[in-house]
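>>> Quick one, what's the 3D model for this:
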Amino acid sequence: MKEYEKKYLEWLQNPALCEEGKTELESIQDNESEKEYRFGGVLEFGTAGMRGLIGYGVNMMNRYTVMRATQGLAEFIKSLGASAMERGVVVSYDTRLKSDEFAKATAGVLAKNGIKAYLFDDVHPVPMLSYAVRYLHTVAGVMITASHNPKEYNGYKVYGEDGAQMSPEDTAKVVEYIDAIDDYLSVSADENSSLITPVPNRLDEDYVEELSRLTLSDEAVKQCGSNLKLVYTPVHGSGYVPVMAILRKLGINVTVVEEQTAKDPAFSTVKVPNPEFKETLSMGIALANKIQADVVFGTDPDSDRLGVALKDDQGEFFVLSGNQVGILLLDYILARLSGEKKLPENAAVVKSFVTTGMAKALCDDYGVALYETPVGFKFIGEKIKQWESDGKHTYVFGFEESCGYLRGTHARDKDAVVASMLCAEMVCYYTSIGKTVYARLQEIYQKYGYVLDKNVSVQYSGLNAMKEMNAVVDGLKTLSVSEIGSFKVTAIRDYSTAKRTVIESGETQTMDIPKCNCVYYELSGGSFVCVRPSGTEPKLKIYYSLKAKDEPTARAEFDDLQSAVNALLERAKG
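From the prediction side, this is the model:
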């Protein structure tokens, strides 16, 4: 009998398995590939926590994998002493299938281990969980979410006491405790324990108040906010209450897509609940065209990502990329702070290294330091923590191309609520000076040069998806590459070794950056191509940032560059 079959039978025959689990596993008894997927691998707990398909088995998201992970976290907290147990953990969840069940099970396991657990009484987004950790002075936080993934997924993210996702060092300790638990169904919980307490309602009000102090254009909002026509869709997620609260507090005129306010775990009105995609915002755009609105906002299920659709100079709506929103916000924040003489002398901006190369030109123009991190907002959170400690810089903005933005240090993760506020007031500001946001974007391109940023994903599937994706990236490292298509490669960064090699001289430099499996090609003219496996879903991601004199030139060059990259990937497969 194969190992996965043994594990399958152990679960099926375990009296601790719930009826739902038993029925589900019985239904696949003749499906070998399904049994192998569910029991032939393990849903790993990494620096981003866990994320996987919902279902029963050791490689799936279910109450037993959640409880086992929580028991590992509980053992780690107990190792820190009684004060850590008393400070406790705050637990939040979004609108996904079984999110509330997993959150209650998490709180129950913590309580069973004598650890205080604060549990939100309704869905709350990632940034509010991050805020709550520091607000309540807990030792950790847990967020039940799979962010923008399809409806079949759920996940489990752990936060440290600073409100950022748990550090790799602490995560490694938690993983040791998790791995020591062989019997997934042996972990118990007490969901009725007196150690489980609701999060104070005051937190919601204080969070909105905290954000309102980050506004940059009060007068413009007063002048234009009530006349602005803004359409917002929470895409069935947790952003509805806080986003509406902050926009209404500012006096912004908001029309919500009513059909998408329901907490629908099937996200039945969209193909995928990812606001990066135009089709996800299609109902919002349709409503905006109907009421002649100016702008459309959409947030994902855990409301850490914001999608924005604007009208172009022909009056047609188009969806901005995460890079474009990031550049517009960066430009707006630096211009307003500078104009009000409030830009700190030691100001710094942080972005992931796959995010648009245009950020450097903007930061250089304002004399602001720019730092790059690996993909994952926790690394931006680490920079905030570092600078608060050493005083080297004052954090003013951080962003990632995947529609993640953060102004302020109230949270240590991307925050679509504060991003919604900033984007709304940005529209008001440009309206007040007789300009559109689209026109400002064109001015930015004219001043700093056009940059075409594109993210292409190659879908993988099956038990070995992650292994296969990493093998492609590892294969790239073995190839000698001096040009890609018509572009000359000037340097290659291997982030798995934190080494940068200059092609012409062969000189190798060490990069001061956390390691990850990624290959980055610096191209002539300031463009780049980067290849990395996603850490949260089975996709190989290829990032292009292409500098050119104008958009038509960039798009023509992109087609050639993409063909050359595809050929390079085939070579890497061997």
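>>> where exactly do the helices run in the stretch 101-250 of the chain?
Along the stretch 101-250 of the chain, counting by DSSP state H, counting those that start in this stretch, helices occupy 126-135, 168-179, 202-212, 218-224, 240-250.
>>> which of the ones you listed is buried the deepest?
Among the helices of the stretch 101-250 of the chain, helix 126-135 has the highest mean neighbour count (mean count of other Cβ atoms under 10 Å), at a mean of 27. Any C-beta I mention is one placed from the backbone N, CA and C, and that applies to glycine too.
>>> List the buried residues of stretch 9-20.
By neighbour count on 16 or more other Cβ atoms under 10 Å, the buried set for stretch 9-20 is Trp11, Leu12, Leu17.
>>> follow-up on the earlier one: just send the helices of the stretch 101-250 of the chain back as TSV, with distance to Gly41 and mean pLDDT too.
Shown next, in TSV, are the helices of the stretch 101-250 of the chain (distance: least, Cβ to Cβ, whole Å; pLDDT from 0 to 100):
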stretch	distance to Gly41	mean pLDDT
helix 126-135	27	98
helix 168-179	14	95
helix 202-212	38	98
helix 218-224	51	97
helix 240-250	36	98
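>>> In CSV: the ones you listed, plus distance to Asn154.
Converted to CSV, those look like this (distance: least, Cβ to Cβ, whole Å):
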stretch, distance to Asn154
helix 126-135, 14
helix 168-179, 17
helix 202-212, 24
helix 218-224, 37
helix 240-250, 19
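>>> Can you say which of the ones you listed is nearest to Leu546?
Ranking the helices of the stretch 101-250 of the chain by proximity to Leu546 (Cβ to Cβ) places helix 126-135 first, at 31.2 Å.
>>> Please list the residues outside the closest one that contact it.
The contact list for helix 126-135 (Cβ atoms under 8 Å, 6 or more residues apart in numbering) reads 90, 92, 118, 120, 124, 138, 140-143, 145, 147, 157, 159-164, 199, 203-204, 206-207, 210, 242, 302-304, 406, 410-418.
>>> Only the buried subset of those, as a PyMOL command please.
In PyMOL, a selection of the buried entries from the contacts of helix 126-135 looks like this (16+ other Cβ under 10 Å):
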select buried, resi 90+92+118+120+124+138+140+141+142+143+145+147+157+159+160+161+162+163+164+199+203+204+207+210+242+302+303+304+406+410+411+412+413+414+415+416+417+418
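>>> Inside strands: which ones of the contacts of helix 126-135?
Among these, the members found in strands (DSSP state E) are Val90, Ser92, Tyr118, Ala140, Gly141, Val142, Met143, Lys157, Tyr159, Leu406.
>>> Go through the residues you listed and name the one nearest Gln459.
Lys157 (23.0 Å).
>>> Could you pull up the contacting residues of the closest one?
Contacts of Lys157 (Cβ under 8 Å, 6+ apart): Ala48, Gly49, Val126, Val142, Met143, Ile144, Thr145, Gln165.
>>> any idea which of these is closest to Gly526?
For the contacts of Lys157, the nearest to Gly526 is Ala48 (30.2 Å; Cβ to Cβ).
>>> ok, and the closest non-adjacent residue to that closest one?
Closest residue to Ala48 apart from its sequence neighbours, by Cβ to Cβ, 6 or more residues apart in numbering: Gly535 at 5.2 Å.
>>> List the residues that contact the one you found.
Listed by Cβ under 8 Å, 6+ apart, the contact set of Gly535 reads Gly46, Thr47, Ala48, Val375, Gly376.
>>> Nearest to Ser268 among the contacts of Lys157?
Distances from Ser268 to the contacts of Lys157, taken by Cβ to Cβ, are shortest for Thr145, at 18.5 Å.
>>> what ranges do the strands span in the stretch 401-550 of the chain?
Assigned by DSSP state E, counting those that start in this stretch, the stretch 401-550 of the chain shows strands spanning 404-406, 450-459, 483-484, 487-494, 499-502, 508-510, 519-523, 528-533, 539-548.
>>> My guess is Asp312 contacts Tyr438. True?
Yes. Between Asp312 and Tyr438 there is a contact under Cβ atoms under 8 Å: 5.4 Å.
>>> Please say which of the two ends up with more neighbours.
Neighbours were counted for Asp312 and for Tyr438 using other Cβ atoms under 10 Å; Tyr438 has more, 17 against 13.
>>> wait, what's in contact with the more buried one?
Leu310, Lys311, Asp312, Asp313.
>>> what do you get for Val139?
Applying Cβ under 8 Å, 6+ apart to Val139 gives the contacts Ile77, Leu80, Ala84, Arg87, Gly88, Val89, Glu161.
>>> And it, how far from Ala419?
28 Å (Cβ to Cβ, to the nearest Å).
>>> Out of the contacts of Gly535, which is nearest to Thr431?
Of all the contacts of Gly535, Thr431 sits closest to Val375, with 34.2 Å by Cβ to Cβ.
>>> The closest one belongs to a strand?
No. Read with DSSP: H, G, I helix; E, B strand; the rest coil, Val375 is coil and lies in no strand.
>>> so it makes contact with Glu400?
Yes. In this structure Val375 lies within contact range of Glu400 using Cβ under 8 Å: 6.9 Å.
>>> list residues touching both of these two?
Common neighbours of Val375 and Glu400 (Cβ under 8 Å, 6+ apart) are Ser352, Val354.
>>> Now, the contacts of Val139 that are in strands?
Among the contacts of Val139, the members falling in strands (DSSP E) are Val89.
>>> Now the buried members of the contacts of Val139.
Buried members of those, counted by 16+ other Cβ under 10 Å: Ile77, Ala84, Arg87, Gly88, Val89, Glu161.
>>> where's Phe379, which helix or strand?
Assigned by DSSP states H and E, Phe379 belongs to helix 377-390.
>>> elements contacting that helix?
Contacts defined by 3 or more Cβ pairs under 8 Å, 6 or more residues apart in numbering; DSSP states H and E place helix 377-390 against strand 347-352, strand 369-373, strand 394-400, strand 404-406.
>>> Next secondary structure after the first one?
Per DSSP H and E, the first helix or strand lying C-terminal to strand 347-352 is helix 358-366.
>>> pLDDT averaged over that following helix - what is it?
Averaging pLDDT along helix 358-366 yields 96.
>>> and the angle for it with strand 394-400?
Relative orientation of helix 358-366 versus strand 394-400 (axes from the mean of the first three to the mean of the last three Cα atoms, to 10 degrees): 160 degrees.
>>> Could you list the buried residues of helix 358-366?
Neighbour counts over helix 358-366 (16+ other Cβ under 10 Å) mark Met358, Ala359, Ala361, Leu362, Cys363, Tyr366 as buried.
>>> related to what we said a few turns ago, mind putting the contacts of Lys157 in JSON lines, distance to Leu287 included?
Formatted as JSON lines, the contacts of Lys157 follow (distance: Cβ to Cβ, whole Å):
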{"residue": "Ala48", "distance to Leu287": "34"}
{"residue": "Gly49", "distance to Leu287": "35"}
{"residue": "Val126", "distance to Leu287": "26"}
{"residue": "Val142", "distance to Leu287": "35"}
{"residue": "Met143", "distance to Leu287": "30"}
{"residue": "Ile144", "distance to Leu287": "30"}
{"residue": "Thr145", "distance to Leu287": "26"}
{"residue": "Gln165", "distance to Leu287": "35"}
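>>> and of those, the nearest to Ala180?
Gly49 (18.2 Å).
>>> Of the contacts of Tyr438, which one scores lowest on pLDDT?
Lowest in pLDDT among those is Asp313, which has 91.
>>> Next, that residue: secondary structure please.
Per three-state DSSP, Asp313 ends up coil.
>>> From Gln314, how far out is the closest residue to it other than its chain neighbours?
Spatial nearest neighbour of Asp313, excluding adjacent residues (Cβ to Cβ, 6+ apart): Tyr438 at 6.2 Å. From Tyr438 over to Gln314 the distance is 10 Å, taken as Cβ to Cβ.
>>> Who are the packing partners of the longest helix seen in the chain?
As assigned by DSSP state H, the longest helix anywhere in the chain is helix 551-573. Judged by 3+ Cβ pairs under 8 Å, 6+ apart, helix 551-573 is in contact with strand 450-459, helix 465-477, strand 483-484, strand 528-533, strand 539-548.
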